[in-house]
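following is a predicted model, sequence given first.
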Amino acid sequence: MSSWSDFYKPFFPDLKSSEDFVNGCEKLPPDDPNHTAKIMMHQTQRLVSIADDLPKLRPKRESLQLLFLMICVEHISKLHDDFTGEGQSRKYVKRFFNEFLSQSDKDKLGTSFIDNAAMPMAALNFEKVIDLLYDVRCDVVHEGKYWGFSFRDGSTPMVNVDPDVNVHLTLMDLRNIIVKGCIKAIKDKLKP
């Protein structure tokens with residue numbers, strides 16, 4: 001259980017809060033109506049950790065990492081909604097970003113992607129950012145295109161050509177926004 005606690009610890013004010021969250025999910029037996037929250041907690045850690053580990057296999061291929069973050073977003077959104085069908089990926093990705101992000105994280109996303117084609121250049125709005133992230137995910141899944149899109153490297157915004165945007169957000173920033181959204185979805189699923 002330490003891997004769960006270690007993963008979630010940075011997102012809570014103290015170790016006890018993190019452990020209470022993990023233990024609250026872990027204690028749910030399969031017949032508990034809130035058992036899905038346990039699955040969501042496990043899947044968040046698993047999918048985000050895969051994204052974290054990808055640079056060891058394919059360095060500087062942030063589109064691959066983004067793919068696994070978007071898989072996590074879609075999966076958590078569908079689990080939260082008890083969706084068992086197929087398809088509707090874009091709908092559930094949008095649902096996640098709209099329902100589970102804080103307003104400050106929505107604002108951060110809505111100001112971190114600059115449209116180079118606009119005259120004058122301007123930030124994409126929040127909804128367009130979600131579409132852009134989803135479209136990059138689709139390029140990886142459907143076209144095998146896992147290069148060419150990069151996030152801010154920590155000190156310098158990244159200029160991308162396709163899509164034609166400057167990104168002022170690090171991949172780690174996006175990762176953390178997504179994990180916080182997952183935690184909110186899991187906590188919501190735990191409600192009686």
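Ah, there it is.

which residues touch residue 10?
Going by Cβ atoms under 8 Å, 6 or more residues apart in numbering, residue 10 touches residue 176. For every residue, glycine as well, the C-beta is placed using N, CA and C.

equivalent analysis for the one 5 residues further on, please.
For residue 15, the residues meeting the contact criterion (Cβ under 8 Å, 6+ apart) are 5, 9.

how about 7 Å then?
Residue 15 makes contact with residue 9, according to Cβ atoms under 7 Å, 6 or more residues apart in numbering.

need the phi and psi values for it.
Note on residue 15: backbone dihedrals following degrees, to the nearest 10 are phi -60, psi -40.

give me the pLDDT for it.
pLDDT recorded at residue 15 is 89.

what's the answer for residue 106, then?
So, for residue 106, pLDDT stands at 97.

and the helix ranked longest in the chain, what does it pack onto?
Secondary structure of the chain per DSSP state H: the longest helix is helix 35-57. Here helix 35-57 touches helix 2-8, helix 15-26, helix 62-80, helix 171-190, going by 3 or more Cβ pairs under 7 Å, 6 or more residues apart in numbering; DSSP states H and E.

run the angle between that helix and helix 171-190 for me.
Calculated by axes from the mean of the first three to the mean of the last three Cα atoms, to 10 degrees, helix 35-57 forms an angle of 170 degrees with helix 171-190.

list the buried residues for helix 35-57?
Of all the residues in helix 35-57, those buried under the rule 16 or more other Cβ atoms under 10 Å are 36-41, 43-45, 47-48, 50-52, 54.

likewise stretch 57-71?
So stretch 57-71, judged by 16+ other Cβ under 10 Å, has buried residues 61-71.

where does this structure have low pLDDT?
For the chain, applying pLDDT under 70 flags the ranges 1-2.

picking up where we left off before, which of the helices and strands packed on helix 35-57 is buried the deepest?
Most buried of the helices and strands packed on helix 35-57, by mean neighbour count (mean count of other Cβ atoms under 10 Å): helix 62-80, with a mean of 23.

distance of the closest residue to residue 126 other than its chain neighbours from residue 62?
Among residues not flanking residue 126 along the chain, residue 110 sits closest, at 3.8 Å (Cβ to Cβ, 6 or more residues apart in numbering). Per Cβ to Cβ, to the nearest Å, residue 110 is found 20 Å from residue 62.

what do you get for residue 164?
17 Å.

what of residue 161?
For residue 161, the distance to residue 62 (Cβ to Cβ) stands at 14 Å.

same check on residue 68?
Computed as Cβ to Cβ, the residue 68 to residue 62 distance reads 11 Å.

what's the answer for residue 42, then?
Residue 42 is 25 Å from residue 62, by Cβ to Cβ.

also residue 76?
Here the criterion is Cβ to Cβ. By it, residue 76 lies 21 Å from residue 62.
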